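Enquirer: Build the 3D model from these lines:
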Amino acid sequence: MKTFITLSLVFVLFSCKQSTTENTVLAAHTESGTQYAKPNERETIYQFKVSDLYGNAFDFSTLKGKKIMIVNTASECGLTPQYEQLQELYDAYKDSGFVIIGFPANNFGGQEPGSNTQIAAFCKSNYGVTFPMMGKISVKGQDMHQVYQFLTQKSKNGLEDSEVQWNFQKYLIDESGYLVRVVSPKTLPTDQSIISWIKS
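Expert: Residues are numbered from 1 along each chain as shown. Now for the predicted structure:
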């Protein structure tokens, strides 16, 4: 009986030691920058920090708890009048936990050729834009911005692979920072399905 008890204690102590060692190793790897993703773990938009049209830092983590629409914009596109509906949507729901983030991009037909300063002036004077507008980036190709790598790659967003088809494609992010829907460029920002999602 004494032998059995002794062996049991040795086994318990060994198990505890092994578990502690594994935790220590995991902690060490985490501190050194190595991250271990849990099965089916999805990335969120909150990891990104960008610069707005005026060169100010913008941290997506400040939007936790809000629904987000991310849209790539252009000043000389047939869809440019969507700025009006975007602003209308923002005005209607900005106090209800909803925000729009615009990313000017010149990837389609050279329809956003201006500088950040020129884009800011255009948005304000022509459409009275007050929702956050970020600095001009690339939304496709070899120089695709990291935010759009997240939005378009299932391995990062956990939802689906997609390609930005044209200016004014919309990506909807839920209150937890997860991508939940990709919306066609031609679908107006004020489409009922988008409004229903904001209200849900």
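Enquirer: alpha carbons only for contacts and neighbour counts from here, please
Expert: OK.
Enquirer: thought residue 90 was touching residue 131?
Expert: Yes - using C-alpha atoms under 8 Å, residue 90 is in contact with residue 131, at 6.8 Å.
Enquirer: Overlap in contacts, those two.
Expert: 99, 100 (C-alpha atoms under 8 Å, 6 or more residues apart in numbering).
Enquirer: Settle it for me: which of the two has more neighbours?
Expert: In terms of neighbours (other C-alpha atoms under 10 Å), residue 90 is the more surrounded of residue 90 and residue 131; the figures are 22 against 16.
Enquirer: before we move on, what SS does that one have?
Expert: Judged by DSSP: H, G, I helix; E, B strand; the rest coil, the three-state class of residue 90 is helix.
Enquirer: Roughly how far does it sit from residue 42?
Expert: Here residue 90 is placed at a distance of 27 Å from residue 42 (C-alpha to C-alpha, to the nearest Å).
Enquirer: tell me the phi and psi of the residue nearest in space to the middle of the chain?
Expert: Nearest residue to the geometric centre of the chain (C-alpha atoms, centre = their mean): residue 45, 3.1 Å. Note on residue 45: its backbone torsions stand at phi -70, psi -20 [degrees, to the nearest 10].
Enquirer: Excluding residues flanking it in the chain, which one is nearest it?
Expert: Leaving aside its sequence neighbours, residue 45 sits nearest to residue 177 (C-alpha to C-alpha, 6 or more residues apart in numbering; 5.2 Å).
Enquirer: And the one you found, how far from residue 65?
Expert: Applying C-alpha to C-alpha, the value for residue 177 to residue 65 is 8 Å.
Enquirer: Kindly report the same for residue 171.
Expert: As judged by C-alpha to C-alpha, residue 171 and residue 65 stand 17 Å apart.
Enquirer: Likewise for residue 79?
Expert: Taken as C-alpha to C-alpha, the span from residue 79 to residue 65 is 30 Å.
Enquirer: same thing with residue 88?
Expert: The span separating residue 88 from residue 65 equals 21 Å under the rule C-alpha to C-alpha.
Enquirer: And for residue 136?
Expert: 26 Å.
Enquirer: Name the residue in those two with the higher neighbour count.
Expert: Taking other C-alpha under 10 Å, residue 136 and residue 65 do not tie; residue 136 has more neighbours (24 against 13).
Enquirer: Excluding covalently adjacent residues, which one is nearest to that one?
Expert: Closest to residue 136 by C-alpha to C-alpha, 6+ apart is residue 104, at 4.7 Å.
Enquirer: what is that neighbour paired to in the beta sheet?
Expert: Under DSSP bridges, the beta-bridge partners of residue 104 are residue 73.
Enquirer: list the contacts for the spatially closest residue to residue 115 that is not a sequence neighbour?
Expert: Distances taken as C-alpha to C-alpha, 6+ apart place residue 136 nearest to residue 115, at 7.8 Å, with adjacent residues excluded. If you count contacts by C-alpha under 8 Å, 6+ apart, residue 136 has them with 53, 103, 104, 105, 106, 115, 116.
Enquirer: List just the nearest of those to residue 195.
Expert: residue 103 (21.0 Å; C-alpha to C-alpha).
Enquirer: Just give the closest residue to the closest one, not the sequence neighbours.
Expert: Per C-alpha to C-alpha, 6+ apart, closest to residue 103 is residue 72, 4.6 Å.
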